[in-house]
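**Q** next come a sequence and a model predicted from it.
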Amino acid sequence: MTTTTLAVLVPVLPFLGSLAGLLLGRTVPGLVRPLAVLPTLGAAVLAALVAARQGGGKAIDAATQLTPTGSVPIDLALYIDGFAALVAVLVGVVASCVQIYSTGYLRHDPRYSSYAALVSLFTSAMLLVVYSGDLMLLLVGWEIMGICSYFLVGHYWETPEARSASLKAFLVTKLGDVPFLIGLFALAVDADSFRITEILHTVDTRGLDHPTLIALLLLAGVAGKSAQFPLHTWLPDAMAGPTPVSALIHAATMVAAGIYFVARLMPVFAASAAAMTVLAVMAAVTMVGSALAALAQDDIKRVLAYSTIGQLGYMAGALAVGNPGAAVFHLLSHGAFKALLFLAAGVVIHAAGTNSLSAMSRMRGLAGRVPDAYWTMTVALLALAAIPPFAGFFSKEAVLVAAEHTTLGDSTVAPAGAGWIVLIAALLTALGTAAYAMRLWLLAFHGRGAEAPEHGRQPIAMNAVLWVLAVPSLGFGLTVAYLDDWFDSEALTPTVTTAVLGTGLALVGSVITYAVWSSLRTKAPAPAPAPTVAHPDAEAGTVEAEALHLPHPSEDPADPGRLLLGPLHRHAAVGFHLDAVYDRLFVRPVVAAAGLVRFLDREVVDTYVNGAGSGTKGLGWLVRKAQTGNVQTYLSVLLAGSVVLAVAAVVLANVNAGS
């Protein structure tokens, strides 16, 4: 079988699995889990075969024209270079782990069949984005992911939080997609093609007519999809969905799509120094702001959500200094340890059984109760904090090295100012990342909240997946010396300067957080434990449904986040009031305008419309009353009318004669 055929099957298999799951899920329940797991697992295996055949060498490029358009043609095209081959493997592996994990986590969920089918469709859409060689084909996958995220985030639609979060995710990402679509059309018009290879050839030979405008329009869509400032606010709220969905969105789909898109079309953005500077500023604000916000969150999933935003900021920063290899390398590394963090968090939440679902200040004694989640999450947090030799150290170092080279004027595509912006923000974020990673580890596994009742051991499918993802979280970075060919021959090895600075700041952040926690723990008394109540569904895997029935446990007062942030804490806890700003600038004016339109429609337009109807109705009533059926009445009226007309004629004649 040819490599092209294998590549076509990669997105097709999960799509067929999704279709079969939707059609047969309710009628043949026994097929739901096989249809969820096997096609996705098959796609992961085929993606690995495609990557092995591509081998980091010449890109696989194949296309057939979809239909003649009379202007810019649209092709069914595949373009698989080293970036695409590796990212597809990441998507396949993480999606397979999520599907396997979900068989245990959502085993009692009545809507599991539709959930699994949507996850498969989500996976297929992302794989289509990764392998697409035509921008219109890429747009199809891009938009399918948007609608899948709406349904998956709103899976627990009975709760107002899930309904609100799904709508917010859809609207905010669509807000970015509108300029993104305009930018795609403008790019295709300038290059006279939607084919990625033709666009890149145009940039290299004659250049684009409107590079800055196109790049900025496309960046709006990237900011929405990849949760960059200022369109990042949907991602923390998306935690209202099932935890495996969070793992999929944050690790391998949706948010990774924007970063991958810029990496694929890097020359388009590099053609505009203004766009690169805007991207650098956007990445810097995203990195630093998300680190501060993560340090103030009590919900373990919201901490991880802001963590994702910050790590996406690192990737955007690497792109802003013209190094797509470093961005994709960090995307791959982050995908492994972030999927592990979310799936381990699902186990932790289940064991904690907190009333607020995932409040870290209400967790206690979990290290011994969930040893698999404890050890694997420790590995993932070390990778997140970029402690060597874990994967995050090498990929984050690649970003720092790229920024350092730009500050020295070694980059030919990014201004030195962009390099300084990214480098300083990345080092500050390294400090903050280590601080909130240590805080999460301490509060979740060594906290003194009220211990929840025992829920029973997690299904083996959930724990096994954690250990599978722990392997790349620990060892993927060690392969950096062998990946140059996959990343356009860009060296990704650390340098002494950035390694010392980055690791030193991470250690400082960790040590300070631990010291503050120890001090608070010594001073503050432990809270009284909550009453132990046997849970009616202790073996269930659906955490969000279970936790709602437990008594409200006490909070652990030893939270270092409040002391570390000081007066910033209350602002960081609500995302620096960005939602409130949007509410005042956009939501309230739109609601007020809608109220005005409603008033004009009801009180003005409807008045005239209703008046016309009422007048006609009244005239009809008079005419109807005149039709009595009495001939004598008709003759009397006729005679009276004649008299009136005669009198009127005489009066008019006298008037005319006098004048």
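**A** Ah, there it is.
**Q** so where's the stretch 1-150 of the chain uncertain?
**A** Within the stretch 1-150 of the chain, not a single segment meets pLDDT under 70.
**Q** can you give me the helices for it?
**A** Secondary structure of the stretch 1-150 of the chain (DSSP state H, counting those that start in this stretch): helices at 3-24, 32-54, 82-105, 112-131, 135-153.
**Q** okay if I get those as JSON lines plus mean neighbour count and distance to residue 426?
**A** Backbone N, C-alpha and C define where each C-beta goes, glycine included. Formatted as JSON lines, the entries for the helices of the stretch 1-150 of the chain read as follows, by neighbours: other C-beta atoms under 10 Å; distance: least, C-beta to C-beta, whole Å:
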{"stretch": "helix 3-24", "mean neighbour count": "20", "distance to residue 426": "33"}
{"stretch": "helix 32-54", "mean neighbour count": "21", "distance to residue 426": "29"}
{"stretch": "helix 82-105", "mean neighbour count": "26", "distance to residue 426": "21"}
{"stretch": "helix 112-131", "mean neighbour count": "26", "distance to residue 426": "26"}
{"stretch": "helix 135-153", "mean neighbour count": "22", "distance to residue 426": "28"}
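**Q** surely residue 219 and residue 282 touch.
**A** Yes: shown here, residue 219 and residue 282 form a contact pair, counting by C-beta atoms under 8 Å, at 7.4 Å.
**Q** so which of the helices of the stretch 1-150 of the chain gets nearest residue 493?
**A** With C-beta to C-beta, the closest approach to residue 493 among the helices of the stretch 1-150 of the chain belongs to helix 82-105: 17.0 Å.
**Q** angle of that closest one against helix 112-131?
**A** Following axes from the mean of the first three to the mean of the last three C-alpha atoms, to 10 degrees, one obtains 170 degrees for the angle between helix 82-105 and helix 112-131.
**Q** and the host helix or strand of residue 293, how far out from the chain's middle?
**A** Here residue 293 is covered by helix 273-296, with elements defined by DSSP states H and E. Averaging C-alpha positions (C-alpha atoms, centre = their mean, to the nearest Å) puts helix 273-296 16 Å from its chain's average.
**Q** what's the angle between the helix or strand following that helix and helix 273-296?
**A** Taking DSSP H and E as the definition, the helix or strand that follows helix 273-296 towards the C-terminus is helix 300-320. Computed with the same axes, to 10 degrees, the direction of helix 300-320 lies at 160 degrees from that of helix 273-296.
**Q** may I have helix 300-320 as PDB, with CA atoms only?
**A** Included here for helix 300-320 are C-alpha records, laid out as PDB according to Å, rounded to 0.1, in the frame of the first residue of the first chain:
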ATOM      1  CA  ILE A 300      -7.300  21.800  39.500                       C
ATOM      2  CA  LYS A 301      -8.600  21.800  36.000                       C
ATOM      3  CA  ARG A 302      -8.600  25.600  35.700                       C
ATOM      4  CA  VAL A 303      -4.900  25.600  36.800                       C
ATOM      5  CA  LEU A 304      -4.200  23.200  34.000                       C
ATOM      6  CA  ALA A 305      -6.200  25.200  31.600                       C
ATOM      7  CA  TYR A 306      -4.200  28.400  32.300                       C
ATOM      8  CA  SER A 307      -1.100  26.300  32.100                       C
ATOM      9  CA  THR A 308      -2.100  25.200  28.600                       C
ATOM     10  CA  ILE A 309      -2.600  28.900  27.600                       C
ATOM     11  CA  GLY A 310       0.900  29.700  28.900                       C
ATOM     12  CA  GLN A 311       2.500  26.800  27.100                       C
ATOM     13  CA  LEU A 312       0.800  27.800  23.900                       C
ATOM     14  CA  GLY A 313       2.300  31.200  24.500                       C
ATOM     15  CA  TYR A 314       5.700  29.600  24.500                       C
ATOM     16  CA  MET A 315       4.900  28.000  21.100                       C
ATOM     17  CA  ALA A 316       3.600  31.300  19.700                       C
ATOM     18  CA  GLY A 317       6.800  33.000  21.100                       C
ATOM     19  CA  ALA A 318       8.900  30.500  19.100                       C
ATOM     20  CA  LEU A 319       7.000  31.300  16.000                       C
ATOM     21  CA  ALA A 320       7.300  35.000  16.700                       C
END
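**Q** which helix or strand lies directly C-terminal to that helix?
**A** In the C-terminal direction, the helix or strand that comes right after helix 300-320 (DSSP H and E) is helix 324-352.
**Q** tell me what angle that following helix forms with helix 300-320.
**A** 180 degrees.
**Q** where does the chain have its least confident helix or strand?
**A** Of all the helices and strands that make up the chain, helix 543-546 has the lowest average by mean pLDDT, DSSP states H and E, namely a mean of 42.
**Q** what's the distance between the spatially most central residue of the chain and residue 261?
**A** Closest to where the C-alpha atoms of the chain average out (C-alpha atoms, centre = their mean) is residue 255, at 4.7 Å. With the distance defined as C-beta to C-beta, to the nearest Å, residue 255 ends up 11 Å from residue 261.
**Q** between these two, which contacts overlap?
**A** Each of residue 225 lies in contact with both residue 255 and residue 261 under the rule C-beta atoms under 8 Å, 6 or more residues apart in numbering.
**Q** for stretch 379-391, list every residue counted as buried.
**A** Neighbour counts over stretch 379-391 (16 or more other C-beta atoms under 10 Å) mark 379, 380, 381, 382, 383, 384, 385, 386, 387, 390, 391 as buried.
**Q** host element of the second one?
**A** Under the assignment given by DSSP H and E, the secondary-structure element containing residue 380 is helix 371-384.
**Q** quick one: residues in contact with that helix.
**A** The set of residues that contact helix 371-384 without belonging to it, under C-beta under 8 Å, 6+ apart, is 307, 311, 333, 336-338, 340-341, 344-345, 347-348, 351, 366-368, 390-393, 433, 437-438, 440-441, 444-445, 458, 463, 466-467, 469-470, 473-474.
**Q** make a ChimeraX selection of whichever of those residues turn out to be buried.
**A** Selecting only the buried members of the contacts of helix 371-384 in ChimeraX, with burial defined as 16+ other C-beta under 10 Å, works like this:
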select :307,311,333,336,337,338,340,341,344,345,347,348,351,366,367,390,391,392,393,433,437,438,440,441,444,445,458,463,466,469,470,473,474
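**Q** still on that earlier bit, now do the helix or strand following the least confident helix or strand of the chain, average pLDDT.
**A** Helices and strands here follow DSSP H and E; after helix 543-546, the next one along the chain is helix 560-565. What helix 560-565 shows for mean pLDDT is 90.
**Q** against which helices or strands is helix 560-565 packed?
**A** Using 3 or more C-beta pairs under 8 Å, 6 or more residues apart in numbering; DSSP states H and E as the contact definition, the elements that helix 560-565 packs against are helix 273-296, helix 416-446, helix 496-523, helix 569-572.
**Q** let me know the average pLDDT across the second one.
**A** Helix 416-446 shows a mean pLDDT of 94.
**Q** other residues contacting the helix or strand following that helix?
**A** Counting by DSSP H and E, the next helix or strand C-terminal to helix 416-446 is helix 460-475. Contacts with helix 460-475, where a contact means C-beta under 8 Å, 6+ apart, come from 94, 97, 100-101, 103-105, 333, 336-337, 339-340, 343-344, 346-347, 372-373, 375-377, 379-380, 383, 389-392, 541.
**Q** one more pass at 7 Å, please.
**A** Judged by C-beta atoms under 7 Å, 6 or more residues apart in numbering, the contacts made with helix 460-475 from elsewhere in the structure are 97, 100-101, 103-105, 336-337, 339-340, 343-344, 347, 372-373, 376, 379-380, 383, 390-391.
**Q** measure how it sits relative to helix 32-54, angle-wise.
**A** Between the direction of helix 460-475 and that of helix 32-54, the angle (the same axes, to 10 degrees) works out to 20 degrees.
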